[in-house]
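[1] after the sequence you'll find the predicted model.
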Amino acid sequence: MSHIHTQAINVGRTPQRFDGLVNTPVFRGSTILANSFKEWEQTKQNGDLYRNYGRFGTATTKSFEKAINDLEGGAGCMVFPSGLSACTHALMAFVKTGDHVLIADNIYGPTRNFADHVLTRLGITVEYFDSTCLAELQQKINAKTSVVFIESPGSITFEFSDVAAISDISHQYAAKVLVDNSWATPLFFKPLEHGADVSIQAVTKYIGGHSDLLMGTATANAESLDQLNQSVHFFGETTSPDDLFLALRGLRSLAVRLKQHHDNGIALAQCLAAHPAVDVVCHPALPNSPDHALWQRDFAGASGLFSFYLKTQDPAFVESFFDRLEFFHIGLSWGGYESLVLPVGKPYRSTSTLPSDGYLIRIHAGLEHVEDLKADLYQALDQAANAI
Ligand SMILES: *Cc1c(COP(=O)(O)O)cnc(C)c1O
């Protein structure tokens, strides 16, 4: 098999089907006509429920789903109108009233909100665990646990989890393991190869890559695909072919963009770690990171997203830092070409502990020249120190 960077160029492309066009065009459509009564009946009989109506996707959808599925190494991929929608529908596929679900304490905040406000309303018990602590998983998992949902690394605080070990434990209880894999993308980590049942992408982030679309995917292994498929189609989710075209376009340059995000992220993490105003930098490539060994074992690279704690919580310092930055703009999301910075302060955690009492800041290292980015962080930190 070819290198995954080569695969990212070729997956999901069938130019011969589209008059030789390199890219699958935007196909818009709701009604898909059958040529005869017999053909109409056959599409139903083949169990091919998903070919006869636009809600189940057009050729643009299928190209993208096939591309992501091939990269993730799954049995099938479903696309969703946002990353959050992929997380929530994947959860709904595997739970029923009376079940217990275990969710990593460092999960993406809106996924946590969904579990707390929707799953609990359906009579599902939601419990959080520190996904870096296998003993805590062992202690909390039980015969009613139907889903273990993790994100590696965790949102905002970037702890890494041992997906293989978590999958082994969870499968002893017949629980499905869902992994939000948005940080790494399948180019840097493939959860299904490590035993997970479903791998989720916020396509909005690195795969889209240009801060101009919202989308998600869930890719399942063979044992989990039917349940995921059915449940998702019951909900009627559908994704715009125009956005899918953009996502396919983003995918083609993912490998080179990720390499630059990786390099810039590591350089910024190192430079922040050396600054006197900084307490802890949460980046797995730093040799003193508690996650360094696990990251090196499982991942092919780092993305440009990481965080750091200031030594202080001083509001004047914090405000001055953010307002003096020139190339880092304050904003949600990440994975685009541009550098971003997010004021976090103190992230909400219910079972795990944080490594610092300082103010937490999330950084997305974009594709700008790294010397400009380093200088920008340094001048803002230095001037903030003068502001107090
Ligand atoms: C942004 C994000 C999502 C949600 O993606 P949207 O497209 O914004 O809904 C899910 N998981 C993680 C880890 C994210 O960072």
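    Perfect, I can see it now. Quantities reported herein were computed from a predicted structural model and do not represent experimental measurements. Numbers count the residues shown, from 1 in each chain.
[2] helix or strand: which one has the closest residue to the ligand within the stretch 251-388 of the chain?
    The ligand sits closest to Ser333 of the stretch 251-388 of the chain, with a gap of 5.9 Å, by Cβ to the nearest ligand atom. To be clear about C-beta, it is placed using only N, CA and C from the backbone, and glycine gets the same treatment. Per DSSP states H and E: Ser333 is located in neither a helix nor a strand.
[3] OK, contacts around it?
    204-205, 211, 340 (Cβ atoms under 8 Å, 6 or more residues apart in numbering).
[4] relative to the ligand, which of these is nearest.
    Nearest to the ligand among the contacts of Ser333, with distances taken as Cβ to the nearest ligand atom, is Thr204, at 3.4 Å.
[5] where does that closest one land in three-state SS?
    coil (DSSP: H, G, I helix; E, B strand; the rest coil).
[6] now do the contacts for it.
    For Thr204, the contacting residues are 82-83, 213-216, 333, 335, by Cβ under 8 Å, 6+ apart.
[7] could you do Gly345 as well?
    313, 359-360.
[8] surely Pro191 is in contact with Asn181?
    Yes: between Pro191 and Asn181 there is a contact under Cβ atoms under 8 Å: 5.3 Å.
[9] name the nearest residue to the closest residue to the ligand within the chain, sequence neighbours excluded.
    Across the chain, no residue is closer to the ligand than Gly83, which sits at 2.2 Å (Cβ to the nearest ligand atom). Spatially, and ignoring its direct neighbours in sequence, Gly83 is nearest to Ala202 (2.6 Å; Cβ to Cβ, 6 or more residues apart in numbering).
[10] residue contacts, that neighbour?
    Neighbours of Ala202 in contact, by Cβ under 8 Å, 6+ apart: 82-84, 86, 180, 182, 215-216, 335.
[11] redo that, cut-off 7 Å
    83, 182, 216 (Cβ atoms under 7 Å, 6 or more residues apart in numbering).
[12] can you lay out the residues you listed as TSV showing distance to Ala380?
    Below are the contacts of Ala202 laid out as TSV (distance: Cβ to Cβ, whole Å):
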residue	distance to Ala380
Gly83	29
Ser182	27
Gly216	33
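[13] list only buried entries from those.
    Using 16 or more other Cβ atoms under 10 Å as the burial test, these include 83, 182, 216 as buried.
[14] state the helix or strand in which Gln8 lies.
    Careful, residue 8 is Ala; it's not Gln. If you go by DSSP H and E, Ala8 is part of helix 4-10.
[15] and that helix, how far out from the chain middle?
    Offset of helix 4-10 from its chain centre (Cα atoms, centre = their mean, to the nearest Å): 19 Å.
[16] good, wrapping up.
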